[in-house]
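A.B. asks: build me a model from this:
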Amino acid sequence: MKRLAALFVLAFGIMPAFAQLSDRPVYSNDSQTIPEGTRFIVVLDDKLDTAKVDRGKKFEAKLAEDLIAPDGTVIPRGKKLKGHVAEVDRGFSPRLLLTFREIDTRKGKVPIAATVVSVPNERQVKGETGSEGEIEGRKVDKKRAVTAAAVGAGAGAIAGAVMGGGKGAIIGAAVGAGAGAGAGILTDRDFKLEKGTQLELQLDRPLRVPR
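C.D. replies: Here you go, the predicted structure:
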């Protein structure tokens, strides 16, 4: 009887320990993790124009290269990523902030948190992104803007003079020149990321890849 009582005491003593263990998260052995900080290239499947897109605009991209976990598990090149435009600024200092939320794998979709760190080979934007991953348009080249304005002004002046005629030619030329100058300067606002634009991303947290 004493031995039986001792076994009951032992069993009841162990049960709380098992209860504590059951509250801990269980990590499956059927997935592998790609480390935080991993960089990789994606290609846009949609055009993003700062003059037209709004906050919340959804877009897709695809892997331009295999994404490989340390154990060799692969998310193959061509797999889709989905995201949306988190912020957009227009005008002479255009800016886009993109958020990625999921990526396709061989075993279905999984969440992803990644930041754009650069836009290689894209002349309209700065090569490196801002501190939060924002894509910024290059500053307006003043000489280019002046040249564009002058060309626009010249065309506007000619059109104004032709339509004005006589004394009205001078007024027509002035009005046409003003309109042409404005149109010329406005051509340097905003930027477009065309379909096929490459983006370099960096994982903000580890990516769990199903095997």
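A.B. asks: need the distance between the two termini of stretch 116-133.
C.D. replies: End-to-end distance for stretch 116-133, by CA to CA, to the nearest Å: 5 Å.
A.B. asks: actually stretch 104-112, not the one I typed
C.D. replies: For stretch 104-112, the first-to-last residue distance is 10 Å (CA to CA).
A.B. asks: how about stretch 85-101?
C.D. replies: 11 Å.
A.B. asks: in that stretch, what counts as buried?
C.D. replies: Neighbour-count burial for stretch 85-101, with 16 or more other CB atoms under 10 Å as criterion, is recorded at 85, 88, 90, 94-98, 100. For glycine as for every other residue, the C-beta is placed from the backbone atoms N, C-alpha and C.
A.B. asks: could you export those as a markdown table, including distance to residue 51, pLDDT and secondary structure?
C.D. replies: Conversion of the buried residues of stretch 85-101 to a markdown table gives the following (distance: CB to CB, whole Å; pLDDT from 0 to 100; DSSP: H, G, I helix; E, B strand; the rest coil):
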| residue | distance to residue 51 | pLDDT | secondary structure |
| --- | --- | --- | --- |
| 85 | 13 | 97 | strand |
| 88 | 10 | 95 | strand |
| 90 | 6 | 88 | coil |
| 94 | 8 | 91 | coil |
| 95 | 13 | 92 | strand |
| 96 | 11 | 94 | strand |
| 97 | 16 | 95 | strand |
| 98 | 16 | 96 | strand |
| 100 | 23 | 96 | strand |
